[in-house]
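Q: my questions concern the predicted model and sequence given below.
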Amino acid sequence: MNLLVDTHAFLWFESGDAQISEPAKQAILSTSNVKFISIASFWEISIKDSLGKLILHIPFEELLSLSGYAQLHISGDHLKHLRQYYHRDPFDRLLIAQARTEGFTVISADKQFDSYGINRIW
């Protein structure tokens, strides 16, 4: 299964934070799943880190190169589909468009993803 890991789930998993659910953790650990991190998530992390709204447990540069994740770049198709969805968080809005376009399951605590017809694990 192709998984798109939401920003908070990625950070919680990588820092060993207890907030990540057991099903989400097991999906990320499963070698049968392909794990993707959107470039939008790295953008969000970079912005929040630079504003002091996020405390990283490892340097940002190391987050960019963690093994086990493929980076999902933003394509024209993602942007075309982005216009179809309304979500208050612009980063989540892009993740919604990417998940819908690519047919990925999302790892996220955000129940609002469900209303967009996205398979979600939490």
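A: Sure, I can see it. Residues are numbered from 1 along each chain as shown.

Q: helix/strand/coil for T31?
A: The three-state label given to T31 by DSSP: H, G, I helix; E, B strand; the rest coil is coil.

Q: do L3 as well
A: Relying on three-state DSSP, one would call L3 strand.

Q: residues touching it, list them.
A: 27-28, 33-36, 104-107, 121 (Cβ atoms under 8 Å, 6 or more residues apart in numbering). (C-beta placed from N, C-alpha, C; glycine too.)

Q: give me the number of residues near N119?
A: 13 (other Cβ atoms under 10 Å).

Q: please verify my assumption that it contacts I107.
A: No: counting by Cβ atoms under 8 Å, N119 sits too far from I107 to count as a contact (10.2 Å).

Q: any quick ChimeraX command for the buried ones out of the contacts of L3?
A: Selection of buried members from those for ChimeraX, criterion 16 or more other Cβ atoms under 10 Å:
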select :27,28,33,35,36,104,105,106,107,121
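
Q: which stretches in this protein count as strands?
A: 2-5, 34-38, 69-72, 105-107, 120-121 (DSSP state E).

Q: who are the packing partners of the third one?
A: Here strand 69-72 is seen to pack against strand 34-38, helix 39-50 when contacts are counted using 3 or more Cβ pairs under 8 Å, 6 or more residues apart in numbering; DSSP states H and E.

Q: can I get the ones you listed in CSV with mean pLDDT?
A: Converted to CSV, the helices and strands packed on strand 69-72 look like this (pLDDT from 0 to 100):
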stretch, mean pLDDT
strand 34-38, 98
helix 39-50, 95
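
Q: tell me which of these sits most buried.
A: Of all the helices and strands packed on strand 69-72, strand 34-38 has the most neighbours on average by mean count of other Cβ atoms under 10 Å, namely a mean of 21.

Q: one step back: dump the helices and strands packed on strand 69-72 into JSON lines; add distance to F91 as well.
A: Below are these laid out as JSON lines (distance: least, Cβ to Cβ, whole Å):
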{"stretch": "strand 34-38", "distance to F91": "8"}
{"stretch": "helix 39-50", "distance to F91": "4"}
